[in-house]
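**Q** The sequence and its predicted three-dimensional model are supplied below.
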Amino acid sequence: MSSPLVEVTGLGRDFKVRAGRFQRVVGRASAVDSVDLTLGSGEILAVLGEPGSGKTTLLRLLVRLLDPTEGSIRFRGTDVTRLSGRDLRTLRCHLQVTFQDPAAVFGSLRLVSEVLLEPFVAQGELAAADVTALLRRVDLDADLAAKTMGEVNPDEAQRIGLARALALEPELIALDEPLASLDKLQRISFSALLRELGGSTRTSFVVSTHRVDHVRDLANRDPSNGVEGRVCVMYSGRLAEIGMAGAVLDQPAHPYTRALISAQSGSRPLTETLEGDVPSAVATPEGCRFHTRCPDAVQRCVGEQPGMRLVSGPGEASPGHEAACIFV
Ligand code: SF4
C-alpha cells in the first residue's frame, strides 16, 4: 500500500489566554487536541463541527499556516512539523488554503486578475501565469478577470479563491466553509468540481463545514464514478468520529454525530437536541469532552477520555469508521 499524502499524529494546538491591563498570560485555550488522521492523494475529507469545534484551526495546522504545539505532520513521508524559513516557503507551494469570504481577504477593490497573479508573483514565476486558463479550470468566464472582487457573486468568489489556490499546482488545498454562502445548486456544482479536480489532478481537499447537508453534497458517493469522500466530526477540539461519508452519516456511532444529524435534518437548532453549550476552550471537561451534553453519559465518561475505536455495527463494518466513545 502506498504511503498517505498527509499523516497527522497526536496533533494539538493551544493558545495563550491573556487578561488584565498588562495582558498577562492567565491560561491556555485548547483549540485542537490529540488529532490523528491520514489523507490520500485526490481525496476529499469534510471536517464537520459547530463554531468553536476547532475545525478552522485544524485546517490551518494542516497547511502549516499555524504551528502545532504538540504532535507531528508528515507530508509524503517527511516530517514537516517544525519546518521554517525557505523550507517552509517551498512546502507552502504544495499546501494551499481558500477562505470563507474571499473578497474580504483579498480586498473588494482588487481586480480578479491581480488576485490570480499573486501566487506567481510571490514565487517569481510570473512568466508561467495564465489567468484565462485558471478561470476556465474552475468553470468561469475569462471576462471575469477585469472585474473587482467586490463585483463577483459568492459562487464566483469561491471559484476564484479555488483557482488562486490551484495556481501553483498544490497537492493539498484546505477550504474554509466554501459552501456556507452558496445555494443548493451552486453547492452541488462546486462539490462536483472538487471531485473532478481530485480525480484529474490528484489534489486532495480538506473542507470545513458546519452543515450535515453540505457534507452530503461534498463527500457522498458520486454516481458518475463511484468515488466517495470521508468526513471527520469534531467536538471541542477533538475528533468524535471519522469514516466514509455514507457510513458516518447513515450509521453514526457517536452520540454527538447523531445529535447533529437529528437537529439539522429537522432544521432545529442543536440546543433543542442537546442541553448546554460547547465547552469553553479554556475549561475543557475532564474525561470525554462531550459528557456535559451527552444523553448517553454514565459516570465512567467523567473520568475516562475515550480514544478512537473501530465501529463494528450489526451489519458489515465500513473500513476506517471510528468513533471516540466508550460504548463503541
Ligand atoms: S464516552 Fe460517554 S459521554 Fe462520551 S460520547 Fe460516549 S457515552 Fe457520551
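**A** Noted; the coordinates are in hand. Numbers count the residues shown, from 1 in each chain.
**Q** what does this structure have sitting close to the ligand?
**A** When proximity is defined as Cβ under 6 Å from any ligand atom, the chain approaches the ligand at 254-255, 288, 290-291, 294, 296-297, 301, 306, 325-327. All C-beta atoms are positioned from the backbone trio N, CA, C, and that covers glycine.
**Q** let's see it at 8 Å
**A** For the chain, the contact set with the ligand under Cβ under 8 Å from any ligand atom comprises 240, 254-256, 287-291, 294-298, 300-301, 304, 306, 324-328.
**Q** Point out the ones among these that are inside helices.
**A** Mapping those onto helices (DSSP state H) picks out 255, 256, 300, 301.
**Q** Now a PyMOL select for only the buried ones of the residues you listed.
**A** Buried members of those, defined by 16 or more other Cβ atoms under 10 Å, are picked up in PyMOL with:
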select buried, resi 255+256+301
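**Q** Widest-spaced pair of the ones in helices among the residues of the chain next to the ligand?
**A** Farthest pair in these (Cβ to Cβ) is 256 and 300. Separation: 17.1 Å.
**Q** Does the spatially closest residue to residue 247 that is not a sequence neighbour lie in a helix or a strand, and which?
**A** Ranked by Cβ to Cβ, 6 or more residues apart in numbering and with sequence neighbours excluded, the top spatial neighbour of residue 247 is residue 318, at 3.5 Å. Using DSSP states H and E, residue 318 maps to neither a helix nor a strand.
**Q** for the chain, what spans make up the helices?
**A** 55-62, 85-92, 102-106, 112-123, 131-137, 154-166, 184-201, 212-219, 245-250, 255-265, 270-273, 299-303.
**Q** from the middle of its chain, how far away would the second one be?
**A** Going back to what we said before, that points to helix 85-92. Per Cα atoms, centre = their mean, to the nearest Å, the displacement of helix 85-92 from the mean C-alpha position of its chain is 22 Å.
**Q** So what's the model's average confidence on it?
**A** The predicted model gives helix 85-92 an average pLDDT of 88.
**Q** what's it in contact with?
**A** 63, 64, 75, 80, 83 (Cβ atoms under 8 Å, 6 or more residues apart in numbering).
**Q** got the angle for that helix vs helix 112-123?
**A** Calculated by axes from the mean of the first three to the mean of the last three Cα atoms, to 10 degrees, helix 85-92 forms an angle of 140 degrees with helix 112-123.
**Q** Next: the longest one.
**A** In this structure, helix 184-201 runs at an angle of 30 degrees to helix 112-123, with the same axes, to 10 degrees as the basis.
**Q** Convert helix 184-201 to CSV, retaining C-alpha atoms only.
**A** The C-alpha atoms that make up helix 184-201 are tabulated as CSV, following Å, rounded to 0.1, in the frame of the first residue of the first chain:
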residue,chain,number,x,y,z
LYS,A,184,-28.1,24.3,-3.2
LEU,A,185,-27.4,24.1,-6.9
GLN,A,186,-24.2,26.1,-6.5
ARG,A,187,-23.1,23.7,-3.7
ILE,A,188,-23.7,20.7,-5.8
SER,A,189,-21.8,22.2,-8.7
PHE,A,190,-18.9,23.4,-6.6
SER,A,191,-18.7,19.9,-4.9
ALA,A,192,-18.7,18.2,-8.3
LEU,A,193,-15.8,20.5,-9.4
LEU,A,194,-13.7,19.5,-6.3
ARG,A,195,-14.4,15.8,-7.1
GLU,A,196,-13.5,16.3,-10.7
LEU,A,197,-10.2,18.1,-9.8
GLY,A,198,-9.4,15.5,-7.2
GLY,A,199,-9.7,12.8,-9.9
SER,A,200,-7.9,14.7,-12.7
THR,A,201,-5.1,16.4,-10.8
